[in-house]
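A.B. asks: Sequence and computational prediction follow.
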Amino acid sequence: MSWFVVVALMGLSGCFLFPSAQQQQDAARVRALDPRPLIDLPDSKHGMRLEIDPAVRDQFLIAEQNGTTAVPVEAWHTTLQNGFKNGPARFFKGDPAGPKAWKLVIISAELDFVPTAVFTRGAQVVGAASVQARVRYVARVVAADGKVLLRDQGEVLSTNQWTQAGGSSTTAAEAIAAMYQAIAKQMATL
């Protein structure tokens with residue numbers, strides 16, 4: 001009887017040590033995030049709102065590539081809105097819905113993951129051991145009359161690397177924060 005209890009306990013502990021397929025899929029999923037960009041801009045009397053170009057998908061699948069698992073992304077527009085609200089929007093004190101408000105237009109914001117270290121078996125690469133989130137973006141600040149005040153594009157990376165469960169989300173939030181930080185550096189000249 002005691003042998004059976006030991007085997008049963010080992011089996012139960014194995015359930016916690018080895019995640020199920022569903023747990024693995026959930027660990028590599030990006031849902032709505034709340035990025036916190038580190039930004040300091042001078043206060044502006046203008047209002048500003050965010051506009052996301054229709055070409056920016058709200059839900060998509062980052063395909064398996066370069067040894068990185070496939071990652072489903074959900075509520076990407078919410079993530080972009082949250083990063084804007086927590087970042088540049090705080091410094092534009094006017095009415096964002098007013099007739100003289102400016103817009104920050106996100107034309108493109110493509111998320112993917114870039115390997116920084118790989119697992120190998122001999123000379124063969126087996127998969128990614130760690131990755132950073134990367135966002136390639138194109139953005140504009142547009143005045144109420146339609147005049148483009150600022151154009152910015154670039155590629156930003158997360159500060160940390162995805163090496164454990166949940167890292168796809170934390171690194172994606174870091175990359176969006178880095179995007180807004182880069183855009184804000186340009187906004188400081190307005």
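C.D. replies: Cool, got the structure.

A.B. asks: Would you point out the helix or strand in this protein whose mean pLDDT is lowest?
C.D. replies: Using mean pLDDT, DSSP states H and E, helix 2-17 stands out as the lowest-scoring helix or strand of the chain, at a mean of 36.

A.B. asks: so where's the protein shaky on pLDDT?
C.D. replies: Scanning the chain for pLDDT under 70 picks out 1-27, 166.

A.B. asks: Where do the helices of it begin and end?
C.D. replies: Ranges of helices in the chain, per DSSP state H, are 2-17, 21-27, 76-86, 167-187.

A.B. asks: Summarise which helices and strands the last one is packed against.
C.D. replies: Packing contacts for helix 167-187, counted by 3 or more Cβ pairs under 8 Å, 6 or more residues apart in numbering; DSSP states H and E, involve helix 76-86, strand 102-121, strand 124-142, strand 148-157. No exception for glycine: its C-beta is placed from N, CA and C like everyone else's.

A.B. asks: mind giving me JSON lines with those and columns for distance to residue 92 and mean neighbour count?
C.D. replies: Shown next, in JSON lines, are these (distance: least, Cβ to Cβ, whole Å; neighbours: other Cβ atoms under 10 Å):
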{"stretch": "helix 76-86", "distance to residue 92": "10", "mean neighbour count": "20"}
{"stretch": "strand 102-121", "distance to residue 92": "7", "mean neighbour count": "17"}
{"stretch": "strand 124-142", "distance to residue 92": "10", "mean neighbour count": "18"}
{"stretch": "strand 148-157", "distance to residue 92": "12", "mean neighbour count": "15"}
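
A.B. asks: Quick one: residues contacting the residue nearest the centre of the chain.
C.D. replies: Residue closest to the average C-alpha location in the chain (Cα atoms, centre = their mean): residue 172, at 2.7 Å. Contacts for residue 172 (Cβ atoms under 8 Å, 6 or more residues apart in numbering) come out as 30, 33, 73, 79, 111, 133, 158.

A.B. asks: could those residues go into a markdown table alongside distance to residue 126?
C.D. replies: Below are these laid out as a markdown table (distance: Cβ to Cβ, whole Å):
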| residue | distance to residue 126 |
| --- | --- |
| 30 | 24 |
| 33 | 29 |
| 73 | 25 |
| 79 | 31 |
| 111 | 24 |
| 133 | 21 |
| 158 | 23 |
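
A.B. asks: now, the most widely separated pair of those?
C.D. replies: Farthest-apart pair in the contacts of residue 172 is 73 and 158; separation 14.4 Å (Cβ to Cβ).

A.B. asks: what number of residues lie near the closest residue in space to residue 93 that isn't next to it in sequence?
C.D. replies: Counting by Cβ to Cβ, 6 or more residues apart in numbering, residue 43 is the residue found nearest to residue 93 once chain neighbours are left out, at 5.6 Å. Neighbours of residue 43 under the rule other Cβ atoms under 10 Å: 9.
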